[in-house]
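A.B. asks: Sequence first, predicted model second:
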Amino acid sequence: MTRFLAVTRTEMLILSRNRWLLVATLIMVLFALALTFAGSAPTGTLGVDMLTVSVASMTTLSVYLAPLLALMISFDAIAGDLDRGSLSLLLSYPAGRGEILLGKFTAHLAALAFAMAVGFGTAGAVAAFFGGAGPESLMALARLILTSILLGAVFLALGYLLSALAKGATAAAGLSAGLWLVFVVLYDLGLLGAVVMDKGGTFTQSVFPWVMVANPADAFRLWNIAATEGVAMASGMTGAAQALPVWAAPASLLIWPVVAFALARLAFRRVEP
Amino acid sequence: MTDKALSIDHVLKDRGKTRVLDDITLSLASGQRVALLGHNGAGKSTLIKSILGLTPINGGTIRIGEATPGSAQARRETAYLPEAVSFHPALTGREQLTLFAKLSGAKADVPGLLERVGLSDALDRRIGAYSKGMRQRLGLAQVLLGQPKVALLDEPTSGLDPISRQDLYAIIDELAAQGTAVLIASHALTEVEARTDLIAIMRKGQMVADDTLNNLSALAGLPIRLKVRASVNADALAAELGGSRINGASVELLCSPADKMEALRRIAGMGDAVADVEMTPPNLEDLYRHYAQEELK
């Protein structure tokens, strides 16, 4: 059982050596701070504290950044070793493929969690210091950090899946960029188009919210928005959240990492180094 | 039969429509060193990957001791050095080998092993700064982890300088002495010649030879080459001996092993006309050419 921890330890070393951890954390801190200050204007008009507004802005940021940062580490996980010729060697050892994948996942998730916690935590602390915070907005911040880590976990696992399916690291990088574009940008655009075409018909009323929550990135957004009234108000996105049962978004975001990891494991089994 | 470290029995493997391994049978006893020779694409690496269980086979059986390829026991008992291996450039040699030691579950003296392969100076340097030969040595160090029953080395000498090659074969001898069966896939014929117990030659997925060097020579019936240097007239010597002139003063003739003494007696009988005689038995390269290209002729 300790074998996967050996892989975890090695992956941690790699992430800190190649500066991924440093750069990712820096990106998170900078963007979160910038959004917190840029988005602090509407506090007075909405009647909520600055941290609430800051969480609303950072939720939008995390929808883009968490998947991107996750895919940036995970695309190389299998394809990179395949390119280097070290995958066949790694797989000739007694450690199983599941253990190797789990070891990498643990390390990558820990690094992602660190970057998220430090980035959002710093921005949250700054917002609370300048504009005040309440128990509710602190809860919202904690929820933002935890759901961002979950969203990252989804895209880490999806990245492994692509890494196992691709013929090399370059192909895996390309596929990852495509995946990011589909889940984070095109999916929503498509839904928007469908809603406009539908003109408030049955699709918009009953199907649309479920299709939306099936996308982990949207489930993340919905969870954060639905849970806090203030955040929903600040983000101006209450309609879709109200059309769904409370458990829908959390369920989607919790099921996705498990399913994606299982798919990655299956794809990894078929890899012939 | 209990001494069989590795047995490969009528193994078949198809890749698409091509048969990449065609009825391969080979067995290695503990402590035996076997050279696996063949052109690029002859199926050497595929055979090694089948033994490791990394690629499935379509027929026949492979056993590592009693274990099937890819089983936990088989993976514990095999060591592998991939062709032109490379590791993550951000890690140091010590960290990489520590990972392998933990994965293998064996208690290992990591600095000791790295010293054994001549990497003690580069212990804590990043692999990204290693030369090709150093990476190859690091790969070799992980072969020494634990006490494998079978070691599979794919082109272990590629990228090594002559001194390193000597070291490599010393390590292979050590492995064999501790009872590990070593299979060495190689192109470097002349080194393998002196350093292995058995020679197996593959051609287009088939095993065309598998024996000791002496037996292979006898089986192939390759001629012994005699080079006779004339003291005065090479043409006359060539006419008398029935060989062909190869330069101004020398005559070359080929004879079978059985006729060797007879030919020597005739040459000796010619007295002063002969200045020198040089005899070359067929070497591995001739043998390899004979077996690996048989069909191409």
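C.D. replies: In hand now; what should we look at?
A.B. asks: Please name the residues that touch B:I64.
C.D. replies: B:5-6, B:51, B:73-74, B:77-78, B:149-150 (CB atoms under 8 Å, 6 or more residues apart in numbering or on different chains). Any C-beta I mention is one placed from the backbone N, CA and C, and that applies to glycine too.
A.B. asks: 10 Å - rerun?
C.D. replies: Contact partners of B:I64, counting by CB atoms under 10 Å, 6 or more residues apart in numbering or on different chains, are B:4-8, B:28, B:51-53, B:70-71, B:73-78, B:148-150, B:152, B:181.
A.B. asks: Next: B:L145.
C.D. replies: Per CB under 10 Å, 6+ apart, neighbours of B:L145: A:93, B:79, B:97, B:100-101, B:103-110, B:113.
A.B. asks: so the closest residue to A:A164 other than its chain neighbours is in which element?
C.D. replies: Spatial nearest neighbour of A:A164, chain neighbours left out: A:A267 (3.8 Å); criterion: CB to CB, 6 or more residues apart in numbering or on different chains. Per DSSP states H and E, A:A267 falls inside helix A:248-269.
A.B. asks: Show me what that helix is packed against.
C.D. replies: helix A:76-84, helix A:97-131, helix A:135-165, helix A:208-214, helix A:216-227, helix A:239-242 (3 or more CB pairs under 10 Å, 6 or more residues apart in numbering or on different chains; DSSP states H and E).
A.B. asks: Contact residues of chain A facing chain B?
C.D. replies: A:2-7, A:9-11, A:13-20, A:76, A:80-81, A:83-96, A:99-100, A:103, A:271-273 (CB under 10 Å from any CB of the partner chain).
A.B. asks: List the ones among these that fall in helices.
C.D. replies: Under the assignment DSSP state H, the residues of chain A next to chain B contribute A:3-7, A:9-11, A:13-17, A:20, A:76, A:80-81, A:83-84, A:86-91, A:99-100, A:103 to helices.
A.B. asks: B:D167 contacts B:R116, correct?
C.D. replies: Yes: the criterion here is CB atoms under 10 Å, and B:D167 meets it with B:R116 at 9.2 Å.
A.B. asks: Common neighbours of the two, please.
C.D. replies: With CB under 10 Å, 6+ apart as the test, B:D167 and B:R116 both reach B:137, B:140.
A.B. asks: As a check, name the ranges of all strands in the stretch 101-250 of chain B.
C.D. replies: Along the stretch 101-250 of chain B, counting by DSSP state E, counting those that start in this stretch, strands occupy B:150-154, B:181-186, B:198-203, B:206-211, B:224-230, B:244-245, B:250-255.
A.B. asks: I'd like to know which of those strands is closest to B:Y130.
C.D. replies: strand B:150-154 (18.8 Å; CB to CB).
A.B. asks: List the buried residues of the closest one.
C.D. replies: The neighbour-count check on strand B:150-154 (16 or more other CB atoms under 10 Å in any protein chain shown) flags B:150-154 as buried.
A.B. asks: ok, back up a step: list buried residues within the residues of chain A next to chain B.
C.D. replies: By 16+ other CB under 10 Å, the residues of chain A next to chain B give A:3-4, A:6-7, A:9-11, A:13-15, A:17, A:20, A:76, A:80-81, A:83-95, A:99-100, A:103, A:271, A:273 as buried.
A.B. asks: contacting residues for A:L82?
C.D. replies: A:76, A:88, A:163-164, A:166-169, A:172, A:271-273.
A.B. asks: Report the lowest-confidence entry in the residues you listed.
C.D. replies: Among the contacts of A:L82, A:P273 carries the weakest pLDDT, at 82.
A.B. asks: Tell me how far the residue lying closest to it once chain neighbours are set aside lies from B:V208.
C.D. replies: Closest residue to A:P273 in three dimensions, ignoring its sequence neighbours and counting by CB to CB, 6+ apart: A:S88, at 3.8 Å. A:S88 sits 26 Å away from B:V208, going by CB to CB, to the nearest Å.
A.B. asks: likewise B:S164?
C.D. replies: Taken as CB to CB, the span from B:S164 to B:V208 is 30 Å.
A.B. asks: likewise A:A267?
C.D. replies: 38 Å.
A.B. asks: before we move on, what about A:W20?
C.D. replies: 50 Å.
A.B. asks: ok, how many other residues are close to A:L189?
C.D. replies: 9 (other CB atoms under 10 Å in any protein chain shown).
A.B. asks: typo on my end, B:N233
C.D. replies: Number of residues near B:N233 (other CB under 10 Å) recorded here: 12.
A.B. asks: likewise A:L69?
C.D. replies: 27.
A.B. asks: quick one: buried residues of the helix or strand harbouring it?
C.D. replies: Here A:L69, judged by DSSP H and E, is contained in helix A:50-74. Residues of helix A:50-74 classed as buried by neighbour count (16+ other CB under 10 Å): A:50-63, A:65-74.
A.B. asks: Check for me that B:V20 belongs to a helix.
C.D. replies: No: counting by DSSP: H, G, I helix; E, B strand; the rest coil, B:V20 is not found in a helix; it is strand.
A.B. asks: correct me, but B:I184 touches B:V143?
C.D. replies: No: using CB under 10 Å, B:I184 is not in contact with B:V143; the gap is 11.2 Å.
A.B. asks: For the chain, name the helix or strand with the lowest mean pLDDT.
C.D. replies: Looking at chain A here, since you left the chain open. Least confident helix or strand, chain A: helix A:43-46 with a mean of 54, by mean pLDDT, DSSP states H and E.
A.B. asks: look at chain B instead
C.D. replies: helix B:189-195 (a mean of 74).
A.B. asks: Just list what it packs against, helices and strands only.
C.D. replies: Using 3+ CB pairs under 10 Å, 6+ apart, helix B:189-195 is in contact with strand B:33-37, helix B:162-177, strand B:181-186, strand B:198-203, helix B:213-220, helix B:284-293.
A.B. asks: Three-state assignment for B:P282, please.
C.D. replies: coil.
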